[in-house]
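>>> sharing a model prediction with you, sequence too.
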Amino acid sequence: MHPRHLFPNIVKGQVSRASRINTDDIQFEQELDNLTGYFEQRGYGKNLVRNAIDESVWGLVNNAGISKWGEVEWNTVHDYKRVAEINLFGSIRTTLAFIPLIKKSKGRMVFMSSTNAIITPQCNSIYCVTKRGLEAFCDSLRIEMKKFGVIVCVVRPGDFTSATKILKKQTAEDIWSTFSEDVKQVYSKEYVDTYIKSIDMRLKRQSRDPDEVVSTVVKTLMISNPNAVWTVASVAETSLAFICSYFPYSVLVPLFYSLGGEKERRVLINQ
């Protein structure tokens, strides 16, 4: 089905993705203006969004997301708050704004999570915290919305880094220069560079087709009984998510320690 036909009938509340807006402290009216302008520029009827919203909103897709990597003590509370403002609170704000209309139409809400809500390796705590928090929010919301006939779903993609460009290319100097003096004394630039090389490898991989994720979102909106959680990931990622869900930490910590190259990295720490 062409998006021109899909949007008016189904995705009337797709604010987070379609409008390409930053949900940090933006008023609802401005969000609607941005969304309206986005679709008018692409040939949809004037005031389509506002007319649709005045009538009802059947589907809401929350897809705003940014990322920042680094070991915990490399970051600040501000870094955690900045990512959470978009990945977690952005979705919460949009949801609160649209709940009355979604309830009215007995529609559904779709949230873009990540396998990193389940797979939480070193050097990725900021992103993982927001995605796990988002899924916890959805778990509660799903139960609360059931009595109103509203369905809440989560789409959990694997690693689409090379396609989404969610990670920016940085040098070891870029990262190391932001450290406090105490942290610089512990972590050398060579240590940081091991992570840079790992990320560069991910960015150089052949891009996975993001249409797989988009198709899952559309299916979630269109079929009568969608799954509560959809995982769009490779066999390896799905297997690792299973291990992280059911195996004890006595297995997980050594596993990530080995897979993440911590043994080799340890010798680069200044102790």
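Right, received. Where do you want to start?
>>> can you report phi and psi for G149?
Note on G149: backbone dihedrals following degrees, to the nearest 10 are phi 80, psi 20.
>>> run a quick neighbour tally on the closest residue to it other than its chain neighbours.
Spatial nearest neighbour of G149, chain neighbours left out: K106 (3.7 Å); criterion: Cβ to Cβ, 6 or more residues apart in numbering. Backbone N, C-alpha and C define where each C-beta goes, glycine included. Neighbours of K106 under the rule other Cβ atoms under 10 Å: 13.
>>> look up phi and psi at K106.
Dihedral angles of K106 (phi, psi; degrees, to the nearest 10) stand at phi 50, psi 50.
>>> ok, it - contacts?
With contact set as Cβ atoms under 8 Å, 6 or more residues apart in numbering, K106 has these partners: F148, G149, V150.
>>> check what pLDDT N270 gets.
Listed pLDDT for N270 reads 76.
>>> residue contacts, it?
Contacts of N270 by Cβ under 8 Å, 6+ apart are Q185, V186, Y187, S188.
>>> repeat for P226
Per Cβ under 8 Å, 6+ apart, neighbours of P226: R108, I151, C153, K219, T220.
>>> can I have the buried ones of those residues as a PyMOL selection?
In PyMOL, this line selects whichever of the contacts of P226 come out buried by 16 or more other Cβ atoms under 10 Å:
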select buried, resi 108+151+153+220
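>>> farthest-separated two in the contacts of P226?
Using Cβ to Cβ, the contacts of P226 span at most 12.8 Å, a distance reached by I151 and K219.
>>> give the burial count for Q170, as a bare number.
Residues near Q170, counting by other Cβ under 10 Å: 15.
>>> if we can go back for a sec, among the contacts of K106, which one has the most neighbours?
V150 (21 neighbours).
>>> let me know whether that residue touches L101 as I believe.
No. The pair V150 / L101 is not scored as a contact, 10.5 Å apart, by Cβ atoms under 8 Å.
>>> what ranges do the helices span in the stretch 151-271 of the chain?
161-164, 172-176, 181-186, 189-204, 211-222, 235-246, 249-259, 262-266 (DSSP state H, counting those that start in this stretch).
>>> please report the distance of G133 from V83.
Here the criterion is Cβ to Cβ, to the nearest Å. By it, G133 lies 11 Å from V83.
>>> ok, now V229?
22 Å.
>>> which of the three states applies to M109?
With DSSP: H, G, I helix; E, B strand; the rest coil as the basis, M109 sits in strand.
>>> so which of the helices of the stretch 151-271 of the chain is nearest G65?
Nearest to G65, of all the helices of the stretch 151-271 of the chain, is helix 161-164, at 8.2 Å by Cβ to Cβ.
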